[in-house]
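# Predicted structure and sequence below. I'll ask about it afterward.
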Amino acid sequence: MTEVSVFGVLVIALFVLAIFIVSSIIKIVPQGHEYTVEKFGRYVRTLKPGISFLTPFVEGVGRRVNMMERVFDVPQQEVITKDNVVVKVDGIVFTQVIDAALAAYRVDNLDNAITQLSMTNLRTVVGSMDLDDVLSQRDSINSRLLNVIDHATSPWGVKVNRIEIKDLKPPHDITDSMARQMKAERERRALIIEADGEKQAAIARAEGQKQATVLEAEGQREAAFRTAEARERSAEAEAKATEMVSQAIARGDVNAINYFVAQKYVEAFGKFAESPNAKTLIVPADMSSVAGAVGGITELLRSVGDGSASRGQAKK
């Protein structure tokens with residue numbers, strides 16, 4: 001029994017040793033990680049994701065490094081701006097290890113180093129700006145922080161992809177003052193817009209009146225031109241009629257004389273009727289006297305014409 005028990009213990013020990021040797025030789029690296037290999041405490045190489053083999057009792061795994069992108073919170077801190085205003089600010093940093101050996105052996109406690117570096121640079125950048133710039137230029141702050149921190153972490157084998165300010169909290173009195181200032185600014189803009197609208201409306205009205213005046217003047221000018229043209233044509237017609245009547249009288253045409261005298265007679269009565277001062281108009285009862293007068297004038301002109309003709313024959 002004693003020999004059997006000793007043999008069993010020996011078998012178990014050999015089995016455990018074999019498992020230990022196999023586990024020290026075969027290493028499986030998960031995706032997103034890398035392992036550093038040390039030979040007698042000295043870094044020799046880096047194991048990539050997958051299965052790898054080590055020299056037993058000589059090589060061993062040194063550091064297990066996470067190669068995936070990670071997020072670090074920058075704790076909230078009070079920062080004094082350039083114009084002596086205390087603000088509370090915090091942020092987040094997105095980093096990724098690109099060289100496992102540098103991240104493992106260049107800096108101790110990489111996570112704490114990145115956090116402290118971000119806090120100090122955030123305080124420096126915000127402290128160099130006025131409060132108004134800090135509140136309105138977050139993109140500029142993020143860009144400056146990214147450049148500075150990425151440059152500082154490059155020797156550690158770390159790439160800073162993004163850095164963002166999460167929150168900015170000015171004091172309550174500053175917040176109240178900013179709210180009042182914003183309200184006053186909005187009221188001022190509203191007044192400016194209203195005044196500009198009234199100005200544009202006044203300009204539009206003046207322009208409309210100007211165009212109306214121009215059109216009215218053009219209309220009056222056209223009307224005056226038409227009136228003058230009508231008068232000119234009327235005068236030409238009257239002159240032509242007078243000329244024709246004169247020629248008819250010279251020829252001794254009685255009808256032309258009767259027409260001319262009657263026309264003037266009717267026109268005279270028409271003017272009397274249109275006069276605003278004339279309340280009563282007396283018309284001759286015997287209209288035949290008009291015809292008699294016209295006939296007398298006709299006979300007179302005829303006799304004058306005959307006398308002129310006889311004198312002409314005597315001279316011959």
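Received it, and whenever you're ready, just let me know what you need. Remember, predicted model here, so these are calculated numbers, not experimental data. Numbers count the residues shown, from 1 in each chain.
# in what helix or strand does the residue at minimal distance from the centre of the chain lie?
Nearest to the mean C-alpha position of the chain, by CA atoms, centre = their mean, lies residue 193 at 15.0 Å. Applying DSSP states H and E as the criterion places residue 193 in helix 172-251.
# Rounded mean pLDDT for that helix, please.
Across helix 172-251, pLDDT averages out at 81.
# go on, stretch 140-151?
Stretch 140-151 carries an average pLDDT of 93.
# now the residue nearest to the centre of the chain: how far from residue 179?
Distance, residue 193 to residue 179, by CB to CB, to the nearest Å: 21 Å. C-betas here are computed from N, CA, C, even on glycine.
# Same question for residue 29.
56 Å.
# For those two, indicate the residue with more neighbours.
When neighbours are counted by other CB atoms under 10 Å, residue 29 and residue 179 differ, and residue 29 comes out ahead with 17 against 10.
# show me what contacts the more buried one?
35, 47, 48, 49, 50, 51, 52 (CB atoms under 8 Å, 6 or more residues apart in numbering).
# And the pLDDT at it?
Reported pLDDT at residue 29 in the predicted model: 93.
# Could you do the one 10 residues further on as well?
Note on residue 39: pLDDT of 92.
# In this structure, mark out all the helices, start to finish.
2-25, 100-105, 110-127, 131-136, 138-153, 172-251, 254-274, 288-315 (DSSP state H).
# Quick check: which of those helices is nearest to residue 43?
Nearest to residue 43 among those is helix 100-105 (6.0 Å), distances taken as CB to CB.
# which parts of the closest one are buried?
The neighbour-count check on helix 100-105 (16 or more other CB atoms under 10 Å) flags 100, 101, 102, 103, 104 as buried.
# State the mean pLDDT of it.
94.
# now stretch 67-82
93.
# next one: that stretch to chain centre, how far?
37 Å (CA atoms, centre = their mean, to the nearest Å).
# Can you give me the buried ones in it?
For stretch 67-82, by 16+ other CB under 10 Å, it's 67, 72, 74, 79, 81.
# So for the second one, what's the nearest residue that isn't a sequence neighbour?
What that stands for is residue 72. Once flanking residues are discounted, residue 72 sits nearest to residue 93: 4.6 Å by CB to CB, 6 or more residues apart in numbering.
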